[in-house]
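Enquirer: Sharing a sequence plus its predicted fold:
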Amino acid sequence: MAIDPSTAVRRALVTILAAGLLAGTFDITYACVFAYIRREVSPAAVFRSVASGALGPNARQGGFKVAALGLFFHFLIAVIVAAIYFFASRVIRFMRTQAVISGLLYGLGVYLVMYGLVMRFSAIHSTTYPWQYPWGVLIPNILIHMLGIGLTIALVVRSFAGVQSPYEN
């Protein structure tokens with residue numbers, strides 16, 4: 001049974017937004033809690049830190065608008081990461097049928113890209129390789145990426161995969 005293309009597009013958008021917003025919420029909650037426990041850093045400071053990737057180090061001294069922009073950037077990245085998984089899963093069926101394995105691996109890949117490329121080539125200009133962080137930072141960061149981001153996105157995408165995409169044969 002063929003589905004209406006507009007229904008498929010709407011369902012794809014809902015899936016991507018749900019996956020991205022849920023994963024983004026888990027990730028930013030972790031970041032805020034971890035930063036507070038480790039260094040007593042406020043959520044606003046965490047959000048400004050995210051904004052510094054686009055605006056440079058001076059963003060860390062910004063106010064409410066910079067913090068709001070950082071929060072927006074955070075969720076934009078989460079939705080983009082969810083969209084990449086969603087569209088890849090339309091081509092690679094394994095990503096839907098084996099969502100747990102795929103999600104965990106995808107989360108690890110997201111961690112490596114974020115800490116190995118994005119932070120290096122953003123205005124942060126990090127020179128630390130993804131595996132060079134202290135164990136107390138590395139392990140929780142990898143776990144939140146694997147469980148909170150990758151696995152979350154994979155499970156949300158799988159839950160919406162019952163309707164065949166118009167891109168599948």
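Expert: It's in.

Enquirer: secondary structure element for the residue nearest in space to the middle of the chain?
Expert: For the chain, the residue sitting closest to the mean C-alpha position, by C-alpha atoms, centre = their mean, is residue 78 at 3.4 Å. Taking DSSP states H and E as the criterion, the element that holds residue 78 is helix 64-91.

Enquirer: Quick one: mean pLDDT over the helix or strand just after that helix.
Expert: Proceeding C-terminally, helix 64-91 gives way to helix 94-97 as the next helix or strand, assigned by DSSP H and E. Here helix 94-97 scores 93 as its mean pLDDT.

Enquirer: Just checking the distance from the next helix or strand after helix 94-97 to the centre of its chain.
Expert: Once helix 94-97 ends, the next helix or strand along the chain (criterion: DSSP H and E) is helix 99-113. Taking C-alpha atoms, centre = their mean, to the nearest Å, one finds the center of helix 99-113 at 10 Å from the center of the full chain.

Enquirer: Give me the buried positions along helix 99-113.
Expert: When burial is assessed from 16 or more other C-beta atoms under 10 Å, helix 99-113 yields the following buried residues: 99, 102-111. Placement of C-beta: from N, CA and C, glycine included.

Enquirer: Same question for stretch 109-126.
Expert: 109-111, 114-115, 119, 122, 124, 126.

Enquirer: how far out from the middle of the chain is that stretch?
Expert: 13 Å.

Enquirer: can you check stretch 36-54 too?
Expert: Its chain's C-alpha centre lies 17 Å from the corresponding centre of stretch 36-54 when counted by C-alpha atoms, centre = their mean.

Enquirer: What is the least confident helix or strand in this structure?
Expert: Averaged element by element with mean pLDDT, DSSP states H and E, the chain has its least confident helix or strand at helix 119-121 (a mean of 91).

Enquirer: Following the chain onward from that helix, which element is next?
Expert: Proceeding N to C from helix 119-121, the next assigned helix or strand is helix 135-143, under DSSP H and E.

Enquirer: who's in contact with that following helix?
Expert: When contacts are defined by C-beta atoms under 8 Å, 6 or more residues apart in numbering, helix 135-143 is touched by residues 30, 34, 108, 111, 115, 131, 133.
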